[in-house]
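>>> just a sequence and a predicted model for now, questions to come.
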Amino acid sequence: AQSVSQHNHHVILSEAASLELGCNYSYGGTVNLFWYVQYPGQHLQLLLKYFSGDPLVKGIKGFEAEFIKSKFSFNLRKPSVQWSDTAEYFCAVSYSGNTGKLIFGQGTTLQVKP
Amino acid sequence: DTGVSQDPRHKITKRGQNVTFRCDPISEHNRLYWYRQTLGQGPEFLTYFQNEAQLEKSRLLSDRFSAERPKGSFSTLEIQRTEQGDSAMYLCASTREGFNEQFFGPGTRLTVL
């Protein structure tokens, strides 16, 4: 079955610390990969996406992610987090040939301490 | 671009009652998706419309659930004979064909007592 796994459920960091959130997906052919963020009280927003080309993609607010095809991974990184990055982060995948539906991981809650 | 809107934002109902939610996608977005999110989990796909045609339904969508998109614009999701296990956030997302990125609405939080 097609699935997405996020390794960390709850991460607590101090401001200026570096962040890496893991995401792995099951094999299913060509994929489109996404990271969505949900700030407290707000709806899901796209952070960044990978469709093809350069496997290192940059998103909003200094986030980036690297697609490693051999590892079926799409990890999210940020060199220096801020208190305002406190949110829930979701990795999602859509598989080619599907209807574009997204398969989400279970999410990672990031808490940044000032 | 006014974004995806959903109504109501919150719904509290008693077990056994029927509820209906509405989603208004971004105009000119012909693809519309419904997802369900429970506490501590990521959203799970429920169903997909391309224009007015419902092209995919998840096995999660029991026969108590029905969705429509009659004119290819707004969509409704109805749950009949609600159960406590239906309590969740119901999310709607839209996109246009070939674009892939989905834009999400604020969701409707359903509580079944």
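Yep, that arrived.

>>> sticking with the residue lying closest to B:Gln102 once chain neighbours are set aside, tell me its helix or strand.
Leaving aside its sequence neighbours, B:Gln102 sits nearest to B:Ala93 (C-beta to C-beta, 6 or more residues apart in numbering or on different chains; 4.0 Å). To be clear about C-beta, it is placed using only N, CA and C from the backbone, and glycine gets the same treatment. B:Ala93 is part of strand B:88-95 when elements are defined by DSSP states H and E.

>>> contacts only, for the closest residue to B:Arg64 other than its chain neighbours.
Counting by C-beta to C-beta, 6+ apart, the nearest residue to B:Arg64 once its immediate chain neighbours are dropped is B:Gln80, at 4.7 Å. Going by C-beta atoms under 8 Å, 6 or more residues apart in numbering or on different chains, B:Gln80 touches B:18, B:64-66.

>>> would you list the phi and psi of A:Lys71?
With angles defined as degrees, to the nearest 10, A:Lys71 sits at phi -110, psi 0.

>>> neighbours around it, how many?
Using other C-beta atoms under 10 Å in any protein chain shown as the criterion, A:Lys71 is surrounded by 10 other residues.

>>> now the residue nearest in space to the middle of chain B: which helix or strand?
By C-alpha atoms, centre = their mean, chain B has its centre lying nearest to B:Trp34, at 3.5 Å. Following DSSP H and E, one finds B:Trp34 within strand B:31-37.

>>> nearest residue to whatever residue of chain A ends up closest to chain B in space, please, no chain neighbours.
When scored by C-beta to the nearest C-beta, chain A has A:Phe104 as its residue closest to chain B, at 3.1 Å. Leaving aside its chain neighbours, A:Phe104 sits nearest to B:Gly42 (3.1 Å; criterion: C-beta to C-beta, 6+ apart).

>>> the nearest residue to A:Gln82 once chain neighbours are set aside and A:Tyr89, how far apart?
Using C-beta to C-beta, 6+ apart and skipping residues adjacent in sequence, the residue nearest A:Gln82 is A:Glu15, 6.0 Å away. Distance, A:Glu15 to A:Tyr89, by C-beta to C-beta, to the nearest Å: 17 Å.

>>> neighbour count for these two, which is higher?
The neighbour count for A:Glu15 versus A:Tyr89, taken as other C-beta under 10 Å, is higher for A:Tyr89 (23 against 13).
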